[in-house]
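Engineer: Take a look and give me a structure for this.
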Amino acid sequence: MNLAIAKKSKQNRNKICCGSKLPVWVKRDWQLYLMLALPIAYYIIMKYIPMYGTLIAFKDYSARLGVWGSKWIGLTNFKKILSEPYFYKLLRNTLLINFYCLLFAFPASILFALLLNEMRFKRFRKVAQTVSYLPHFISTVVVCGMITNFLRTNGGLVNDLIALFGGERISFLTKPEYFRGIYVISEIWQHLGWDAIIYIAALTSISPELYEVASIEGANRLQKAIYVTFPCIASTITIMLILRIGHLVSLGYEKIILLYSGTTYETADVISTYVYRRGLLTADFSYGTAIELFQTVISLILVLCANWVGHKISDTSLW
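Structural biologist: Residues are numbered from 1 along each chain as shown. Got it, this is the predicted structure:
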C-alpha cells in the first residue's frame, strides 16, 4: 500500500515537472539564481557586449561612419605600434612599475597576514586588520591629494622632516627618479590590508593540530611558519602570483595621471596613460584601441605561461 502511494506521488511530481517550463532545481533555488542574475547581466552588458568595439582597432574609425561603416585597414595600427620607438619606453615603464609592485607589494601582503596570524592579542589584531583595510576604500583622487600634500616642497610633512634633520628639501613629484618609488609605496599603503584578506582566510583553514605536532617536536615560531604555515598556503600564493603576473603589462591610469607631470614622463608615462592621451584627448580611437588590444593579448600570454610554469613546478594552477 505504501509502495503504491509513493509510486503515485512520484508520478505526480514528474507530471508537474514535465508540465512546467522551469526545471525543479531552478524552482527550488530561485532566490540564489535571482541573486546570480545581476552580476551575470553586468558582465554581459558591460564586458562582453562592448567587445565588438575592438573591431575599430582594425579600421580607420570615424564617428560619423560608425564601427561598421569605417574603412577596414587590417593590421596597420599594430604595425604602427611596433614601429614607434616611444611605445617601447611605455612598455618598459609599465613593466618596471609592475615588477616593483610584484617584488615589494606582493610579499608585503603575505608578510602582513603572517604577522596578524601570529598576534596573541585578538582585540589588537582585529583593530590592526580593520585599520589596514581602510585605505583601500579611499578614493584615488583623495590618496593622490594626500601624497601631494605630504611631498610638497614647502609645508610637506616629508620635506619638513628632512629639513629638521639638516637635509635639503626635495621636489619629489617633479623628479623622474622618485616617481616609481612613490607609486609603489603608495600602492603598498593603500592595498596592503585588502590584499592580505585572502591569505588570512587561507591561514584560518590550517588545522591547529599541525602546530601542536610541531610544538611537540620542539619547533619554535619561526620554524612553524617555515615548515607548517608556508606549505599550507603555498597553493594560494601560487594562484595569486599567477594572476599578478597576468597584469604585468597593464596598469591603472588614474593614480599616474593625477601624480605625473611633463617632467616625469620619462619614468611615469605608461601604456594606459598614453592610450588616454592618444585615444581620448586626440580622438585617435583606432590607435588607442589597437594598443589596448595588443596589451590584452600580451597579458593573456603571460597568464598562460605563468599557469603552465605553476602547474609544472608545484602542480598548482588556475586550470
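
Engineer: show me where pLDDT drops low in the protein?
Structural biologist: Within the chain, the ranges that satisfy pLDDT under 70 run 1-21.

Engineer: Which strands or helices does the helix ranked longest in it pack on?
Structural biologist: Ranked by residue count under DSSP state H, the longest helix found in the chain is helix 285-314. Applying 3 or more CB pairs under 8 Å, 6 or more residues apart in numbering; DSSP states H and E, one finds that helix 285-314 contacts helix 76-83, helix 230-245, helix 271-275. Any C-beta I mention is one placed from the backbone N, CA and C, and that applies to glycine too.

Engineer: how far off helix 230-245 does that helix point, in degrees?
Structural biologist: Orientation check (axes from the mean of the first three to the mean of the last three CA atoms, to 10 degrees): helix 285-314 against helix 230-245 gives 160 degrees.

Engineer: List the buried residues of helix 285-314.
Structural biologist: 285-295, 298-299, 302-303, 306-307, 310 (16 or more other CB atoms under 10 Å).

Engineer: Equivalent analysis for stretch 107-114, please.
Structural biologist: Those would be Ala108, Ser109, Ile110, Phe112, Ala113, Leu114, for stretch 107-114 by 16+ other CB under 10 Å.

Engineer: Please work out which of the helices and strands packed on helix 285-314 is packed deepest.
Structural biologist: Comparing the helices and strands packed on helix 285-314 by mean neighbour count (mean count of other CB atoms under 10 Å), helix 271-275 comes out on top with a mean of 21.

Engineer: who touches it?
Structural biologist: 86-87, 90-91, 94, 249-253, 256-257, 260, 288, 291-292, 295 (CB atoms under 8 Å, 6 or more residues apart in numbering).

Engineer: how about a cut-off of 10 Å?
Structural biologist: 86-87, 89-91, 93-95, 249-254, 256-257, 260, 265, 284, 287-292, 294-295, 298 (CB atoms under 10 Å, 6 or more residues apart in numbering).

Engineer: Surely Gly167 forms part of a strand?
Structural biologist: No - read with DSSP: H, G, I helix; E, B strand; the rest coil, Gly167 is coil and lies in no strand.

Engineer: Many thanks, we can stop here.
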